[in-house]
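> Need a 3D model of the sequence below.
(one chain, ligands or ions: 2)
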Amino acid sequence: MGHTIAWTHEVGGEPSPGAGGVLRLLRDTARAEADGRVEILAAACGMCGPEEVEFEVAKGECFCVGCCIPLGIVDGYAHPAAFYPWRLEPSGAPLPPASSGPGFEPSDVPRCPAGHDVFHVAVALAFAADGVLRGISVALRCPEDGALCLYVDNARVVPRTA
Ligand SMILES: [Zn+2]
Ligand SMILES: [Zn+2]
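Numbers count the residues shown, from 1 in each chain. Ligands and ions are numbered 1, 2, ... in the order given. Here you go, the predicted model:
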């Protein structure tokens, strides 16, 4: 089963500034386990600071356009409170395409319908009732035209043991 990205546009025509649209998209789609909760955050670069909110995306990971440091979607740094390493498993929807090898294939890199490849990123963390992080979703928003997509659809977070 392939990974297809369904792009939508923000309602109202004019793209709204900032991450409002992606946050709303995640609120509509993220699912917590049982009685858990969902934390939704607009991603900003931990190195460059809160002003740097644009990312290049490849192989399921988001890289700051300022310093190229990854957000840590695929390996755990995306968790703001306490880093612990994880890996992702598909749940329901497949994970984003990722070719093997160090380079990026064109299929690894999502583009909005207009061809842009730099995005605002919002992350939803789904916690179980016991407070354990169980799932992660990632939404992208094209800052040029406001195109939105759900990039990672509720992937399952599995703690990684060395
Ligand atoms: Zn940065
Ligand atoms: Zn665009």
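> For this protein, give me the ranges with low pLDDT.
1-3, 10-19, 32-34, 77-83, 162 (pLDDT under 70).
> Alongside ligand 1, which residues does it contribute?
Cys45, Met47, Cys48, Glu52, Cys64, Gly66, Cys67 (C-beta under 5 Å from the ion). To be clear about C-beta, it is placed using only N, CA and C from the backbone, and glycine gets the same treatment.
> can you list the residues you listed in TSV and add neighbour count and secondary structure?
Below are those laid out as TSV (neighbours: other C-beta atoms under 10 Å; DSSP: H, G, I helix; E, B strand; the rest coil):
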residue	neighbour count	secondary structure
Cys45	22	strand
Met47	11	coil
Cys48	15	coil
Glu52	17	coil
Cys64	21	strand
Gly66	15	coil
Cys67	11	coil
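> any chance of those residues in CSV, plus distance to Pro97?
CSV is the format used below for those (distance: C-beta to C-beta, whole Å):
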residue, distance to Pro97
Cys45, 24
Met47, 27
Cys48, 27
Glu52, 26
Cys64, 21
Gly66, 25
Cys67, 25
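> Ligand 2 next: which of the residues you listed are close?
Within the residues of the chain next to ligand 1, nothing lies near ligand 2 by C-beta under 5 Å from the ion.
> now, which of the residues you listed sits nearest Gly146?
Glu52 (19.6 Å; C-beta to C-beta).
> burial of Thr157, as a residue count?
Heads up, residue 157 is Val, not Thr. Val157 has 22 neighbours, counted by other C-beta atoms under 10 Å.
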